[in-house]
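>>> got a predicted model here, sequence first, then my questions.
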Amino acid sequence: MKELKITPIKNGTVIDHIEPGMALKVARLLGVPDPDAHSTVSIAMYVKSGKMKYKDIIKIEDRELKKREVNIISLISPNASIAIIKDEEVIKKSRVTLPKVITGIARCSNPNCITNKDEPTETEFTVLGGREVKLRCMYCDRLVDDIIESII
Amino acid sequence: MNFKGTHIVSVRDLCREDIEHILDLADGMIPIARGEKSSSLMKGKIMATLFFEPSTRTRLSFESAMLRLGGRFLGFAEPGGTSVKKGETLADTIRMASAYSDVIVIRHPQEGSARLASKFSDVPVINAGDGAGQHPTQTLLDLMTIRRETGKIDGRKIALVGDLKFGRTVHSLTYALAKFDTDLTFVAPPSLQMPPEVVELAGQMGARTQLANTLEEVVEEADVIYVTRIQKERFPDEASYKKVANVFKIDLDALENAKKNAIVMHPLPRVKEIDPEVDDTKFAAYFKQAFYGVPTRMALLGLVTGVLE
Ligand SMILES: [Zn+2]
């Protein structure tokens, strides 16, 4: 019998083409593992893939991603694709797209930025594409040092 | 653009035409700023000056501009004794001030505070400096000085000298000058040189840029020598500060080979960057530069409140 590297799921979400080695970070940012959820989660890392040589994959049973979560994935893995599975069928599949602006997702890495004080406002960043995604704070103009660390 | 109700947070929000329009209006304000002509342009208008950190020079310049135009102002020169000190959020202070005034001028020690203020204000907000961030009225008065004292901005060779790394206002000025046809030379010790991303962006915007380590390399060519403060705190010890401060000091010797019509600018207050012996020469533009803050701010106050178009 052929051994399956990662089992198919019945209902839920498949995040494919994640940058190799980034799956655990993506999972953490999606709140996986969640002690209150007992649905199956499969994570595969460094899976051979024609297009990008290697990729990571995450499959989460019984979960659909929110817009905010898709935006987070796009920031750290701009080539990822997301498939929604219902009754073992792919009902929707799409590449993530980089938003132009993100609101309330990340924290500014400038400690003297007004958004790091107790003000009734959400952070806002301009998303700069290119080889590496960068975030520029719309308040203080600084670039975020480490996007993964900055995500709230 | 239609300025009425517009917040002036960063000079980067302004295009070249906007800047030239402000400078044209500011030119016309000069007799009023000097007290030679009276004006009631801002009669009945109130400016709130909210200075969350003291900056006497900037505050007096705004207040003079408002008074010369027949307007009035209220506010505070430092947060001591105000509700701000008692922990009120900036958002709430701004909501209150915007209910009492027609325009808010804010100075704040934290970056991004003017942008935040603009989100909570019903009246236009003018940024009078936010931490190490933006200071658009300083940039505009710098541009006005270059235009008036050398006749134009296009085609000018401008040497920016001193602490170019940490002085964020010099970054704003660089971006603003890059909107014109300018040659920019950044003169600084390697440890205080202009950040590469600023040089790169200025180049992409169309400015010709180069780096230099000494004043001698550029003094013969420059139309404008813009000197910035070199702060002692940036150096590990007194000796290394003095060494750098001496190399970049502007005195008559340093200006010996300068162009006849060159001007020396400085945002003031100066410490030792410019020797007082330069003050009485035709190179010295820094006192005029400080004065141009008043007509520049008059033009802006008039534009954002809608009394000027
Ligand atoms: Zn910020």
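Received it, and whenever you're ready, just let me know what you need.

>>> go ahead and confirm B:Pro189 touches B:Ala245.
No - with contact defined as Cβ atoms under 8 Å, B:Pro189 does not reach B:Ala245; the gap is 10.1 Å. In this view, the C-beta of every residue, glycine as well, is placed from N, C-alpha and C.

>>> quick one, which of those two is more surrounded?
Neighbours per residue, other Cβ atoms under 10 Å in any protein chain shown: of B:Pro189 and B:Ala245, the larger number sits with B:Pro189, 19 against 16.

>>> from the ion, how far out is the more buried one?
28 Å (Cβ to the ion, to the nearest Å).

>>> which other residues reach stretch B:291-300?
With Cβ atoms under 8 Å, 6 or more residues apart in numbering or on different chains as the contact definition, stretch B:291-300 has outside contacts at B:8, B:22-23, B:25-27, B:29-30, B:32-33, B:57-58, B:61-62, B:64-65, B:68-69, B:126, B:137-138, B:140-141, B:144-145, B:148, B:308.

>>> can you check stretch B:242-255 too?
With contacts defined as Cβ under 8 Å, 6+ apart, stretch B:242-255 is touched by B:161-162, B:187-189, B:192, B:214-215, B:219, B:225, B:227, B:230, B:235, B:262, B:264, B:272-275, B:277-278, B:281, B:283.

>>> 6 Å instead, please
B:Val161, B:Gly162, B:Pro189, B:Leu215, B:Val227, B:Ile230, B:Val264, B:Lys272, B:Ile274, B:Asp275, B:Glu277, B:Phe283 (Cβ atoms under 6 Å, 6 or more residues apart in numbering or on different chains).

>>> which positions in chain A make contact with the ion?
A:Cys108, A:Asn110, A:Cys113, A:Cys137, A:Tyr139, A:Cys140 (Cβ under 5 Å from the ion).

>>> and if we set it to 6 Å?
Applying Cβ under 6 Å from the ion, we find that chain A lies next to the ion at A:Cys108, A:Asn110, A:Cys113, A:Thr115, A:Cys137, A:Tyr139, A:Cys140, A:Arg142.

>>> secondary structure element holding the nearest residue to the last one once chain neighbours are set aside?
The shortest distance from A:Arg142 to any residue other than its chain neighbours is 4.4 Å, reached at A:Asn110 (Cβ to Cβ, 6 or more residues apart in numbering or on different chains). When elements are assigned from DSSP states H and E, A:Asn110 belongs to no helix and no strand.

>>> for A:Asn110, grab phi and psi.
phi -90, psi 110 (degrees, to the nearest 10).

>>> number of residues surrounding it?
Using other Cβ under 10 Å, A:Asn110 is surrounded by 23 other residues.

>>> over to A:Pro120?
A:Pro120: 11 neighbours (other Cβ under 10 Å).

>>> same question for B:Lys282.
The burial count for B:Lys282: 11, using other Cβ under 10 Å.

>>> with B:Gln231 instead?
By the criterion of other Cβ under 10 Å, B:Gln231 has 14 neighbours.

>>> so who does the residue nearest to it when sequence neighbours are not counted touch?
Nearest non-adjacent residue to B:Gln231, counting by Cβ to Cβ, 6+ apart: B:Asp163, 6.3 Å away. Contacts here follow Cβ under 6 Å, 6+ apart; on that basis B:Asp163 touches B:Leu192, B:Thr228, B:Ile230.
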